[in-house]
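**Q** Coordinates for the following, if possible.
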Amino acid sequence: MRENTIKTIWQNGGSVVNGWLSIPNAWTAEVMAHQGWDSLTVDVQHGLIGYDVALPMLQAISTTATIPLARAPWNEPGMIMKLLDAGAYGIICPMINTQAEAEAFVGACRYAPQGYRSAGPTRAAVYAGADYLQRANSTIVTLAMIETAEAVKNVDGIVSVPGLDGIYIGPSDLSISLGLQPGGSFAQPRLAEAIDAVLAATQRQGVVAGIHTSSTDDALRMIEKGFRFVTVASDTRLLTTAAQSVLAVMKQVQAPKISATTPY
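**A** Here you go, the predicted structure:
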């Protein structure tokens with residue numbers, strides 16, 4: 001089976017630099033993949049991407065060594081399994097609030113006896129290799145999103161679920177759930193405290209901590225804190241900031257700031 005280099009990076013003590021795809025297009029996915037990200041996540045939740053577009057995007061990523069991931073729309077087994085069958089080498093699942101929800105998520109990603117994933121790997125076997133069914137359980141990455149105050153309260157139970165590789169903090173939704181300003185600014189003390197609590201729980205259990213950030217400065221700070229999977233902006237945000245930078249020079253005006261309502 002094709003190596004999942006995300007796990008190799010973790011085994012070597014490193015941190016994965018993940019890119020984020022919200023534009024529904026295989027060409028932009030291919031361009032992003034050729035830039036050298038460790039992994040790229042096709043966002044089927046908040047992006048504009050449906051399954052029929054996600055498939056060619058996963059194929060486009062596969063023209064490189066970048067590992068293809070997908071964020072599922074929800075903790076729904078059918079779509080999780082279809083994204084895995086399409087060749088995603090890992091799933092980020094939104095809004096995991098309890099241990100039971102984490103167990104259901106992990107089960108959808110693992111073949112029996114570790115889970116209840118149905119056997120029909122379709123493209124995954126072509127991308128990964130003929131021994132996919134035998135090795136998928138130990139190769140596919142599972143990341144449960146921590147995005148609410150309830151999830152922070154239940155984090156020890158969540159990270160204890162067998163087969164869960166790690167968690168992925170969504171700072172924007174977590175900010176809203178904590179009664180803070182949307183946007184997930186790490187300068188908010190209550191958000192910072194929640195992030196530290198989740199990070200500590202992952203370290204106690206020995207699972208990976210991941211987080212979504214909006215800048216390289218924030219991403220580097222999170223790595224220094226102990227996060228081993230960091231997303232830096234998205235294709236939409238990178239396109240916007242680059243265009244604004246060019247136009248600020250050409251029109252000799254101050255570039256407007258991007259709305260901070262969401263990091264995606």
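
**Q** what sits against residue 196?
**A** Counting by Cβ atoms under 8 Å, 6 or more residues apart in numbering, residue 196 makes contact with residue 225. All C-beta spots, glycine's among them, are computed from the backbone N, C-alpha and C.

**Q** gap between residue 222 and residue 212?
**A** Going from residue 222 to residue 212 by Cβ to Cβ, to the nearest Å gives 10 Å.

**Q** count of neighbours near residue 244?
**A** Using other Cβ atoms under 10 Å, residue 244 has 15 other residues around it.

**Q** And what about it, helix, strand or coil?
**A** Look at residue 244: counting by DSSP: H, G, I helix; E, B strand; the rest coil, its state is helix.

**Q** returning to what we had before: same drill for residue 222 and residue 212, tell me which one is more crowded.
**A** residue 212 (30 against 26).

**Q** list the contacts for the more buried one?
**A** With Cβ under 8 Å, 6+ apart, residue 212 has these contacts: 20, 168-172, 184, 231, 263-264.

**Q** Mind telling me what element the residue nearest to residue 213 when sequence neighbours are not counted is part of?
**A** Take residue 213 and drop its neighbours on the chain: the residue closest to it by Cβ to Cβ, 6 or more residues apart in numbering is residue 219, 4.5 Å away. Using DSSP states H and E, residue 219 maps to helix 216-225.

**Q** and the contacts of residue 212 as a markdown table, adding neighbour count?
**A** Shown next, in a markdown table, are these (neighbours: other Cβ atoms under 10 Å):
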| residue | neighbour count |
| --- | --- |
| 20 | 27 |
| 168 | 27 |
| 169 | 26 |
| 170 | 26 |
| 171 | 27 |
| 172 | 23 |
| 184 | 28 |
| 231 | 26 |
| 263 | 25 |
| 264 | 20 |
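
**Q** possible to save those residues as TSV with secondary structure?
**A** Listed next are the contacts of residue 212 as TSV, based on three-state DSSP:
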residue	secondary structure
20	strand
168	strand
169	strand
170	coil
171	helix
172	helix
184	coil
231	strand
263	coil
264	coil
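
**Q** which one of those is nearest residue 126?
**A** Distance to residue 126 across these (Cβ to Cβ) is lowest for residue 20, with 25.3 Å.
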